[in-house]
Every structure is written in structure tokens, then in C-alpha cells.
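Enquirer: Fold the following for me, if possible:
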Amino acid sequence: MQMNKPEQRVSIAIILGALVALLAGAYVSGAQTTPADPAKTAVLLEINDAIGPATSDFFRRTLEDANERKVPLVILQMDTPGGLDTAMRDMIRAILSSNVPVASYVAPSGARAASAGTYLLYASHVAAMAPATNLGAATPVQIGGSPTPSSPSDSGKRDEDSKDKSEPADAKEDDESAPESNARPPEPGTAMERKVVNDAVAYIRGLAELRGRNAEWAEAAVRSAASLSATAALEQNVIDVIAADVSELLRKIDGRKVKVADGERTLETADLIVERVQADWRTKLLAVITNPNIAYLLMLVGVYGLLLEGYNPGALVPGVIGAICLLLALYAFQVLSVNYAGLALMILGLALIIAEAFTPSFGILGLGGIAAFVIGSIILLDTDVPGFEVAKGLIGGIALAGGAIVLLTASFFARSRRRPIETGEQQLLREPAVALESFDRTGFVRVRGELWRAVTPTPVKEGQRLRIVKVDGLTLEVRPEESDRRIDN
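Expert: So this is what the prediction gives:
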């Protein structure tokens, strides 16, 4: 059963309305239940992955709600390899402007707070870790893997400083067996790299000075990717507390004085009830959309959906789906760290692959499009943060699919060149014509059931089989065939 256009429009309107309702419900809904007495509640939320736009949005909304409810404490429990700089800075701004104390807690045992997680620990009012956890390695990842040689005196001085400030006393005995790569911090080579490192150093030192924590080790974590265990971090005044679980954390920080946005406050946490906040629909949806692999596929679906709508105007469904997917992809790229040169190369590659189908170049345009598409896909995201890069397998699979399409298109055009022409003037020249009447110069003939005006230098008879030698607009020039056979009409 095929729907007419009004029915299609109604169906699409219903789908879009349902989608808007779902998004609105996700925006206003939360998974937590508001307790009877917020004054006796500590809000806890967890980060168990890379820090991105969804994580930042969830944390900021939870902290804003905690400020409105005036809860005594927000606990940020994390196990993260790092994340995007923009998302991390948004979270830190929310912490610094909060009237509710925030305790960052690296847990459970075996967890880590690397890179962006280290900044969050330094920014929080209380920094805590569980046993057998670690933090550090806060060097900007874009430049952390390309060290340049430094002078022996400079590197030696840095090595000694790093050992004194970032290693526990019992670790110095094993220093000679440590790999040389760990003893020598990477040095940024270009002016831009030095600029990024110095900015990161100034930022984390400012947080350390604000909270009264070890600023020298914070700088080492950025410049030389230094890391510390929980015990060493406590000894070197990087964190405030080591706690095996949340209950122990609340007992240990009870009575501690912290400075929040509206002044100094004494924590009263020993008897607080822990309220765990789960990610709501909005956060989950945002996490899916801002996944680089999903955003990558959304862009492809969007482009091809609009193309299908252009090839078949009035179909509506490809156009609506394509427009929605493309807008979602553009939103994801806007909040992710996107290299716009890579995005432009991807669009150019898609355009060349499409052009191959309309401008037969026997694979030249198609192969060039695949090359541009693959290169653009690889450099699309300008970051090496784990969890925020397009999977190489996905790029390879789409590139192989595109290559197969190009090869099929090229082979189709190659075969079509060997086929006889079935339309136009060339096809008419191979078709027989039959005279509908006898005439000396001008008359009418029948070709494939069609009536044509014909001229001939040789008289013809009714029913005579003729050969077409020329097509002049709507007039055919004909000659009698050599057999001169007659055909009954």
C-alpha cells in the first residue's frame, strides 16, 4: 500500500513531534528522586570514561541543581583517562563558582585520574583518592608524543627536580633501573606547542595555589607527564585524603574548612546520606550524538539522505532523515575538537565520488574522492584523547565500500560503451521503416509503431521496406532497401 503525499506529510509530522517530545522529556527529566531533607544529603555522581561534552553537561546540571537545593556536598567519583580541554574547563568553571563544596574522589581501587582528571582534582574543594589509584600525566596529548632533544645540563636539572618532587623516597633506589624515556621529560618543539604547554602549566598552577596544593608537582605533571600513586600524592600535598570508600571519605573530611564561592565553610559530613545521581536521557542522548563514530556516520547518512531527496524530489523521507542527521552531526562536530580541513576533505571526497556517477572518468574522480575522504576522516578530530577519535576500522570499511561503488560504476560505464546504442539518432539509423503510401519525394513512413515524415530521392511504393540514412529534426531521409521487399500493413 503506497501513501499519497498528504499522508506522508502527516506521518513525518507525527515522527518529528514524537522526537521533539522525547528530547523535551529528556531535557527536563532526571533519574534521581529528590530526598525529603537535602540538608542531610551528599550528592554523588560518577565519571567512568573520557570527559566530553555529555559528561560536562551532566556534571554542570547536577551541580547547579545541588546549589539550588543547598545540599552540603557534591562528590565527583571518577575513573578517567582524561578528556577534552573545553569540557574540562567548563566543569572547573562550575566548581569555582559553586556555593556547594565539591569533593573529587578517584575510586574504586585501580582507578585513575589522568590528564583532565588531574585538573579536576586540583580544582575541587576536597581532593581524595582510594588506595591503589593514581593521577597525573597531564601533558596536552597533541604534543606529548613528539619530544625534541634538550641540552644535557637542562635535562639533567629537570631530571633531578622531577625525582625529588614526584617520587616517593623509597622509589629513588630503583631510579637507575628506570627507562631513560621516563627520566627525560618531553620538550615541546614548536612555538605553538610551547604556548599550549605554558598555558596548561599556568592554569594548573593557579588551581593549585587557590586550593593550597603542591604547585611544583602540578607543573611537573604537565611538563614531564609525571604521575603519582595515592600514597605519594598524599605525602606531597597533592590530595587531601585517602579513603577506601565513600563512607570513610565522609568521616575523614568532617570538620574540614573549605573556601567556596560565597565564603569559607566548615564541612559537616559524618552523618550525611549519599544520593547517587544517574545519567538521565538527555545525557545519554548527548553522549551518543557526540561519540565521534556516531557523529561520523550521522554526517554520511545526512549527506546521502539529502542527495537521495534531490534525485527523487517529493520522496520526503530521505530528505527529512538526512536533514536531521546532518544537523545532529554538525552539532556534534561543533562541541568536539574538529579539524575543519579534515571535514572539508571529507566533503570534497564525497562530492568527487558522487561526480564519478555522473561524469564518467573511468575511476579517476572516484579514486581521488576516496583518497580525499580517507585523509579527511583520519585528521577529522584534532585530538588524541582516548575515546574521542574515529575508529580506523570504521574509516577503512567505509573507504572499501566507496571503492567498491567506484569500481562498479567504472565497470558499468566500460560495458555500456560496448553496447549498441538504443536511443537517439544513432538508434533510428539502424531501424527499418515501412512506407505508408506511395510517393515520389515526400510521404509518411512507420518506424517502431511511430509515424514519421520522410523524404527520398527515389520513388517508393506503399508497404515498401526502407532504410533510414539521415535524421533531420522530425524528418527522415530514406532509401529503399536492396531487397526491395514489400510489407503488408
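Enquirer: my guess is Ala107 contacts Leu76, does it?
Expert: No. Contact criterion CB atoms under 8 Å: Ala107 and Leu76 do not qualify, at 10.4 Å. Just so you know, the C-beta spots here come from the backbone N, C-alpha and C atoms, and that holds for glycine as well.
Enquirer: What's the local residue count around Val447?
Expert: When neighbours are defined as other CB atoms under 10 Å, Val447 has 17 of them.
Enquirer: where's the closest residue in space to it that isn't next to it in sequence relative to Arg448, distance?
Expert: Ranked by CB to CB, 6 or more residues apart in numbering and with sequence neighbours excluded, the top spatial neighbour of Val447 is Ala433, at 4.9 Å. According to CB to CB, to the nearest Å, Ala433 and Arg448 sit 9 Å apart.
Enquirer: now Gln464
Expert: In terms of CB to CB, Gln464 sits 17 Å off from Arg448.
Enquirer: For the stretch 151-300 of the chain, which segments count as strands?
Expert: 227-229, 241-242, 257-260, 263-266, 273-276 (DSSP state E, counting those that start in this stretch).
Enquirer: how about those strands, which one is nearest Gly117?
Expert: strand 227-229 (11.3 Å; CB to CB).
Enquirer: Distance from that closest one to the middle of the chain?
Expert: 31 Å (CA atoms, centre = their mean, to the nearest Å).
Enquirer: Each with direction, which strands does that strand pair with?
Expert: The strands beside strand 227-229 in its sheet (DSSP bridges) come out as strand 134-136 (antiparallel).
Enquirer: contacting residues around the strand it pairs with?
Expert: 106, 112-114, 117-118, 121, 129, 166, 221, 225-230, 233, 238-239 (CB atoms under 8 Å, 6 or more residues apart in numbering).
Enquirer: Lowest-scoring secondary structure element of this structure by mean pLDDT?
Expert: The weakest-scoring helix or strand in the chain, judged by mean pLDDT, DSSP states H and E, is helix 180-183 (a mean of 38).
Enquirer: Any buried residues in stretch 288-296, and which?
Expert: 289-292, 295-296 (16 or more other CB atoms under 10 Å).
Enquirer: how about Leu45, secondary structure?
Expert: Three-state call for Leu45 (DSSP: H, G, I helix; E, B strand; the rest coil): strand.
Enquirer: ok, Ser98 to Thr458 distance?
Expert: Ser98 is 101 Å from Thr458, by CB to CB.
Enquirer: mind listing the strands for the stretch 301-450 of the chain?
Expert: Under DSSP E, counting those that start in this stretch, the stretch 301-450 of the chain gives strands at 432-435, 442-447, 450-455.
Enquirer: Now do the helix or strand following the last one and strand 450-455, the angle between them.
Expert: It refers to strand 450-455. Note on strand 450-455: by DSSP states H and E, the next helix or strand toward the C-terminus is strand 465-472. Using axes from the mean of the first three to the mean of the last three CA atoms, to 10 degrees, the direction of strand 465-472 lies 80 degrees away from that of strand 450-455.
Enquirer: Pick the most deeply packed of the strands of the stretch 151-300 of the chain.
Expert: Of these, the one with the most neighbours on average (mean count of other CB atoms under 10 Å) is strand 227-229, at a mean of 21.
Enquirer: pLDDT averaged over the biggest helix by length in the chain - what is it?
Expert: Using DSSP state H, we find that the single longest helix of the chain is helix 392-418. For helix 392-418, mean pLDDT rounds to 73.
Enquirer: and if you look at stretch 66-85?
Expert: The average pLDDT within stretch 66-85 is 92.
Enquirer: Report the buried residues of it.
Expert: Quick answer for stretch 66-85 (16+ other CB under 10 Å): 66-67, 71-85.
Enquirer: and Lys259, what are its bridge partners?
Expert: Glu264.
Enquirer: wait, doesn't it sit right on Ser124?
Expert: No. Judged on CB under 8 Å, Lys259 makes no contact with Ser124 at a distance of 11.8 Å.
Enquirer: Excluding chain neighbours, give the residue nearest to the residue sitting nearest the centre point of the chain in space.
Expert: Nearest to the mean C-alpha position of the chain, by CA atoms, centre = their mean, lies Pro292 at 2.4 Å. The spatial neighbour of Pro292 that comes closest, neighbours along the chain excluded (CB to CB, 6+ apart), is Val390 at 4.9 Å.
Enquirer: Neighbours of the one you found, how many?
Expert: 20.
Enquirer: and if you look at Pro313?
Expert: Count around Pro313 with other CB under 10 Å applied: 8.
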